[in-house]
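Chemist: Attaching a predicted model along with its sequence, questions to come.
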Amino acid sequence: MASAAMTTVSTGSIASYHAQAGLGTKSKPLGVNFGNKCCFKAFSGLKAALSINMEAETSFLGKESTFALQASLFPKLGASQKITNQLQPHAFQKITNQLQPHASTFKVAILGAAGGIGQPLALLIKMSPLVSALHLYDIANVKGVAADLSHCNTPSQVLDFTGPQELANCLKGVDVVVIPAGVPRKPGMTRDDLFNINANIVKTLVQAVADNCPDAFIHIISNPVNSTVPIAAEVLKQKGVYNPKKLFGVTTLDVVRANTFVAQKKNLKLIDVDVPVVGGHAGITILPLLSKTRPSTTFNDKEVEELTVRIQNAGTEVVEAKAGAGSATLSMAYAAARFVESSLRALDGDGDVYECTFIQSDLTELPFFASRVKLGKEGVEAVLSVDFQGLTEYEEKALEALKPELKASIEKGVAFVQKHPVASASAL
Ligand SMILES: NC(=O)c1ccc[n+]([C@@H]2O[C@H](COP(=O)([O-])OP(=O)(O)OC[C@H]3O[C@@H](n4cnc5c(N)ncnc54)[C@H](O)[C@@H]3O)[C@@H](O)[C@H]2O)c1
Ligand SMILES: O=C(O)C[C@H](O)C(=O)O
């Protein structure tokens, strides 16, 4: 069994974290200056298209990821070489002709790939130059999704897998498994109302992950995340392959929402805004730490209250607007794709990857807690405690208030697997 030890980075090391990583507000200096545009030769493949120009500011990858990707796509560029938007096409062509596509690529599986989240998520992952194979699994309707997606002229190979008999093959050799399988909310429901159906779906799928790709990063999207992540942990423990550094509850959508709403409210440039969101992923357990917003921003009490409540209820806002047709799918796919891309960059050796995520944690007295972490090749490299220093009175109170609900949800997940234990691999 892998070691459960994880570093919680304290104030001392945070000083260097600030200096090196810029906490997500500034791209790290890679010595490659593309201005706002980035050019991914790997995406294009068309003779006529010298490159696909993407506004870094509108890319789901964000500025940091974009620059990191540029560096990995164009590794031969030295620190002194600058490519700017002023480059003449023929000059750029000359440079790109000498460059190779990225050397390390990864296999990603999506379980629940034919669903509302699964389909747009598959499309976004298909666009990543870091992916060589995309395995799409569902209990139905996944063949068509894969056929459709496979016509996109991006490098990864798309394979479809239908039903439990094909699940093992889907998972073999995979580096990252993303799980959005399960039922979504309808108006009037809480995420916990999904427990009875989704607990078993997650349990079954994670059993297969344990048997077929126990070293993969596991991204849990299925709700209630506050319980499904502890369920996954318990299954992996019972299978003897639990590595807490590689099991993640995807809470990226809370950060994406917080960044959007704060930028709108304070009239800030979207790409610059970064709000850590901690705790869990349901109602009051979602705690945006607005006092830690970057760039440093002041909020009056009314703004703090309004923004916090909006971020906590944003999922319900979408559920009500969809009026029975499901919950957030597009923004979730966008957020999940960002988390996948961050994981792949970490696996690829980028030493500068930070995300908020719900993980096993000793930051608080609760066994699982969402916070900002540093990702590396082996998963969570460090849990960052700096965001918890100097909280406002409002945040301190909200942090204490969320603990009983989060604790109960975690315990419910653990109890579920203890009551319905998994069969060990040797017993199968
Ligand atoms: N973590 C988050 O921030 C977040 C955000 C949005 C939605 N969600 C959750 O994600 C889940 C999926 O939402 P959706 O809108 O995509 O739902 P959906 O119903 O559109 O899609 C779910 C998919 O899962 C598949 N599925 C069901 N049982 C399965 C099984 N045993 N194995 C494999 N696939 C199976 C279904 O066939 C379907 O294609 C829900 O639980 C929802 O609450 C989480
Ligand atoms: O709200 C939901 O049920 C889905 C998801 O958790 C969300 O935050 O949008």
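Modeler: Arrived safely, thanks for sending. Numbering: from 1, shown residues only. Ligands and ions are numbered 1, 2, ... in the order given.

Chemist: Provide the partner residues of L375 in its beta bridges.
Modeler: Note on L375: beta-bridge partners V353, V380, judged by DSSP bridges.

Chemist: And it, how far from ligand 2?
Modeler: Going from L375 to ligand 2 by CB to the nearest ligand atom, to the nearest Å gives 22 Å. Quick note: C-beta positions are derived from backbone N, CA and C, even for glycine.

Chemist: Ok, Q312 next?
Modeler: 9 Å.

Chemist: Need the per-residue pLDDT for that residue.
Modeler: If you check Q312, the pLDDT there is 98.

Chemist: ok, the strand or helix carrying it near ligand 1 or not?
Modeler: Assessed by DSSP states H and E, Q312 sits inside helix 301-322. No - judged by CB under 6 Å from any ligand atom, helix 301-322 stays clear of ligand 1, getting no closer than 6.5 Å.

Chemist: And that helix, what's buried?
Modeler: Neighbour counts over helix 301-322 (16 or more other CB atoms under 10 Å) mark 304, 307-308, 310-312, 314-316, 318-319, 322 as buried.

Chemist: Of those, which is the nearest to T298?
Modeler: Proximity of the buried residues of helix 301-322 to T298, judged by CB to CB, is greatest for V304, which lies at 10.0 Å.

Chemist: The closest one touches L289, doesn't it?
Modeler: No - V304 lies out of contact with L289 (CB atoms under 8 Å); the separation is 10.6 Å.

Chemist: Okay, angle between the next helix or strand after the helix holding Q312 and helix 301-322 too, please.
Modeler: Per DSSP H and E, the first helix or strand lying C-terminal to helix 301-322 is helix 330-347. Interaxial angle, helix 330-347 versus helix 301-322 (axes from the mean of the first three to the mean of the last three CA atoms, to 10 degrees): 110 degrees.

Chemist: Helix 330-347 vs ligand 1: in contact?
Modeler: Yes - remark: helix 330-347 sits within contact range of ligand 1 at M332, by CB under 6 Å from any ligand atom.

Chemist: Quick one, grab the pLDDT at whatever residue of the stretch 201-350 of the chain ends up closest to ligand 2.
Modeler: Among all residues of the stretch 201-350 of the chain, G315 sits closest to ligand 2, at 2.3 Å; criterion: CB to the nearest ligand atom. G315 is assigned a pLDDT of 98 by the prediction.

Chemist: With S371 as the reference, measure out to it.
Modeler: 20 Å (CB to CB, to the nearest Å).

Chemist: Same question for D387.
Modeler: Distance, D387 to S371, using CB to CB: 7 Å.

Chemist: For these two, work out which one has more neighbours and name it.
Modeler: Of the pair D387 and S371, S371 is the one with more neighbours under other CB atoms under 10 Å, namely 24 against 21.

Chemist: wait, what's in contact with the more buried one?
Modeler: If you count contacts by CB atoms under 8 Å, 6 or more residues apart in numbering, S371 has them with 276, 278, 356-357, 359, 361, 363, 383-385, 387-388.

Chemist: One more: V131?
Modeler: Shown in contact with V131 (CB under 8 Å, 6+ apart): 105-108, 125, 155-156, 344.

Chemist: Show me what the longest helix along the chain is packed against.
Modeler: Counting residues, the longest helix found in the chain (DSSP state H) is helix 393-419. The contact analysis (3 or more CB pairs under 8 Å, 6 or more residues apart in numbering; DSSP states H and E) places helix 393-419 against helix 195-212, helix 225-238, strand 277-279, strand 286-288, helix 301-322, strand 368-376.

Chemist: hmm, that helix touching ligand 2?
Modeler: No - figure legend: helix 393-419 not in contact with ligand 2 (CB under 6 Å from any ligand atom); closest approach 12.9 Å.

Chemist: That helix: which residues count as buried?
Modeler: 395, 398-399, 402-403, 405-407, 409-410, 412-414, 416-417.

Chemist: likewise stretch 232-240?
Modeler: Across stretch 232-240, burial judged by 16+ other CB under 10 Å covers 232-239.
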